[in-house]
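Participant: Fold the following and give me the result.
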Amino acid sequence: MKKIYIILIITISLLSLGTISVFATNSISSQTAKESTPVVDVNLKIYDYANLLTESEETSLYSQIQEFINTYEMDMAVVTIEENNKSSSMAYADDFYDYNNFGIGANKSGVLFLIDMQNRQMWMSTTGYAISIYSDSRIDNILDYAYNKISIKDYNGCVEQFIRYSKYYANLGSSNQSSSSYTDYNKKSNHVLGTIKMSFIIAVIATGVYILIGLTSHTKPKNQQNANLYISSRIKLNKQLDNFVNEFVTKTRIETSSSGSSRSSSGRSSTHSGSSGRSHGGGGRSF
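Facilitator: Coordinates of the predicted model:
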């Protein structure tokens, strides 16, 4: 019994060291991502590094973005880049949003639209309350309209379509969501993340302890050569019947956009964690 306790203590210690190591690695990765992200004035909202927009176009788009922010209490930013020093368009969009501290409210709610000329991809990143408004299918629809403009190199029109249909879906979302729902969403998100982390750590420790106890108490069974020891009476097989019961075939239609990407009509919002650890929704489209 004493041996089991010693093994248990060693296991918990190793698991603790492993957890600390994971957090340290994530911290280093986060710092690297932050250092490779441009530092900007969050009040500008439009960052045209690829020079795709004229000055007058930027002025007009800025007014539309401010109207969105004031109406829906979510942040919005537009970024264009000629070169991407990140692993993907998604990583660039998420890092740009997180490390420049965009967002409104405790959950940093808002959307960012990226035009990545190096990878020839548009990406829409959502954060906080915006995740619940912009489902996968809604993001796909917004990108459809934006694609119609960017495919003919109308970059101003592309951004205008993004803003226009972001407003449209934000209006649909706000008509069904009360301010109390917004508060509940913030609380639930923080609670769920904490619960998942704690459950994972407990599960790993419990599994390790269970396996160790099993290994220390297990004795190898002896093989029995005579099968009759396990059979109390003879088994007689009289008939063989093959019965075909039924067959069900389910067919699901998958709708596709004009540019070939699949849609989801379930209203689901796929999420992922950025390098900062913050949760994001989003979607992209090549052009």
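Participant: Could you look up the SS state of M122?
Facilitator: Look at M122: counting by DSSP: H, G, I helix; E, B strand; the rest coil, its state is strand.
Participant: How much space separates it from I133?
Facilitator: Computed as C-beta to C-beta, to the nearest Å, the M122 to I133 distance reads 19 Å. Where C-beta positions appear, they are placed from N, C-alpha and C, glycine not excepted.
Participant: so A91 sits right up against S276, yeah?
Facilitator: No. Between A91 and S276 there is no contact under C-beta atoms under 8 Å: 10.8 Å.
Participant: Spatially nearest residue to N141, not counting backbone neighbours?
Facilitator: Computed as C-beta to C-beta, 6 or more residues apart in numbering, the closest residue to N141 that is not its neighbour in sequence is Y165, at 6.8 Å.
Participant: which residues touch that neighbour?
Facilitator: Contacts for Y165 (C-beta atoms under 8 Å, 6 or more residues apart in numbering) come out as 141-142, 145.
Participant: What does the pLDDT read for it?
Facilitator: What the model reports for Y165 is a pLDDT of 98.
Participant: ok, now G267?
Facilitator: 73.
Participant: circling back to that earlier point, need the overlap of contacts for A91 and S276.
Facilitator: Residues touching both A91 and S276 (C-beta under 8 Å, 6+ apart) are A33.
Participant: quick one: buried residues of the helix or strand hosting F68?
Facilitator: F68 is located in helix 55-72, with elements delineated by DSSP states H and E. Within helix 55-72, the residues scored as buried using 16 or more other C-beta atoms under 10 Å are 57-58, 61, 64-65, 68-69, 72.
Participant: Just name the closest of those to R285, please.
Facilitator: Using C-beta to C-beta, L61 is the member of the buried residues of helix 55-72 that lies nearest R285, at 19.3 Å.
Participant: and A170, what does it touch?
Facilitator: By C-beta under 8 Å, 6+ apart, A170 lies in contact with 68, 71-72, 74, 133.
Participant: 10 Å instead?
Facilitator: Listed by C-beta atoms under 10 Å, 6 or more residues apart in numbering, the contact partners of A170 are 68, 71-74, 76, 111, 129-130, 133-134, 138.
Participant: before we move on, what about R268?
Facilitator: By C-beta under 10 Å, 6+ apart, the residues touching R268 are 135-137, 281.
Participant: So which of these wins on neighbours?
Facilitator: In terms of neighbours by other C-beta atoms under 10 Å, those top out with G281 at 24 neighbours.
Participant: ok so that residue is a strand residue?
Facilitator: Yes. Per three-state DSSP, G281 lies within a strand segment.
Participant: Show the contacting residues for it.
Facilitator: Here G281 is in contact with 111, 124-128, 130-136, 138-139, 268-272 (C-beta under 10 Å, 6+ apart).
Participant: what do you get if the cut-off is 6 Å, keeping everything else the same?
Facilitator: 126, 131, 269, 271 (C-beta atoms under 6 Å, 6 or more residues apart in numbering).
Participant: Now intersect the residues you listed with the helices, please.
Facilitator: Secondary structure from DSSP state H places I131 of the contacts of G281 in helices.
Participant: from the contacts of G281, which is closest to S29?
Facilitator: Among the contacts of G281, T271 lies closest to S29 (C-beta to C-beta), at 19.0 Å.
Participant: and that closest one, what is it in contact with?
Facilitator: Neighbour list for T271: 279, 281 [criterion: C-beta under 6 Å, 6+ apart].
Participant: Repeat that for G282.
Facilitator: Residues in contact with G282, defined by C-beta under 6 Å, 6+ apart, are 124-126.
Participant: now with 10 Å?
Facilitator: Counting by C-beta under 10 Å, 6+ apart, G282 makes contact with 89-90, 93-94, 97, 111-112, 114, 123-127, 130-131, 134, 136, 139, 269-272, 274.
Participant: Any idea what it is bridged to?
Facilitator: Per DSSP bridges, residues listed as beta-bridge partners of G282: S125.
Participant: quick one: pLDDT of T32?
Facilitator: pLDDT, T32: 86.
Participant: ranking the contacts of Y165 by neighbours, who comes first?
Facilitator: I142 (25 neighbours).
Participant: so it touches S166, yeah?
Facilitator: Yes. I142 is within contact range of S166, at 6.4 Å (criterion: C-beta atoms under 10 Å).
Participant: shared neighbours, the two?
Facilitator: 111, 113, 124, 134.
Participant: Filter those down to the ones in strands?
Facilitator: Of the shared contacts of I142 and S166, the ones assigned to strands by DSSP state E are 111, 113, 124.
Participant: Next, work out how far apart D75 and S29 are.
Facilitator: Separation of D75 from S29 (C-beta to C-beta): 25 Å.
Participant: No more questions from me, cheers.
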